[in-house]
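> return a 3D structure for these sequence lines:
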Amino acid sequence: MTIWAWLAARFAAADDESGDVPGWVLITLMTAGLVILIWGLAGPALSSIFEQAISKVSGI
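Below you'll find the predicted structure:
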């Protein structure tokens, strides 16, 4: 295999991976949406648990 054939194969493989960008964008947006949803639902309960734990440790 010559260097030119290797380079051509390498660049051809790189072109195939560029089409997956919208998939990663969708995964990122869906993950952010899930974090916001879970934080909105469980945020007050988690804050309460955290405050109780801190008050027990600090003795306030």
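> residue 34 - how many residues pack around it?
10 (other C-beta atoms under 10 Å). C-beta here means a position set from N, CA and C on the backbone, and glycine is covered the same way.
> go on, the one 4 residues further on?
By the measure other C-beta under 10 Å, the count of residues near residue 38 is 11.
> average pLDDT across the helix or strand where residue 50 lies?
Taking DSSP states H and E as the definition, one finds residue 50 inside helix 21-58. For helix 21-58, the mean pLDDT works out to 92.
> what helices and strands are in contact with it?
Helices and strands touching helix 21-58, as assessed by 3 or more C-beta pairs under 8 Å, 6 or more residues apart in numbering; DSSP states H and E, are absent.
> oh, and call the first residue 654 from now on, that's how I've got it
Done: numbering now begins at 654, and the last item shifts to helix 674-711.
> show me how far it is from its chain's centre.
13 Å (C-alpha atoms, centre = their mean, to the nearest Å).
> how much space separates residue 696 from residue 689?
Applying C-beta to C-beta, to the nearest Å, the value for residue 696 to residue 689 is 10 Å.
> what's the answer for residue 683, then?
For residue 683, the distance to residue 689 equals 11 Å [C-beta to C-beta].
> check residue 680 too.
Using C-beta to C-beta, one gets 15 Å for the distance from residue 680 to residue 689.
> now swap in residue 656 and tell me
Per C-beta to C-beta, residue 656 is found 50 Å from residue 689.
> which one's more surrounded, these two?
With neighbours defined as other C-beta under 10 Å, residue 656 and residue 689 compare such that residue 689 has more, 10 against 7.
> quick revisit: overlap in contacts, residue 696 and residue 689.
Counting by C-beta atoms under 8 Å, 6 or more residues apart in numbering, residue 696 and residue 689 have no common neighbour.
> now for residue 708, how many residues are close by?
10.
> count the neighbours of residue 655 for me.
Other residues near residue 655 come to 7 when the count uses other C-beta under 10 Å.
> per-residue pLDDT, it?
Residue-level confidence at residue 655 comes out at 82, pLDDT.
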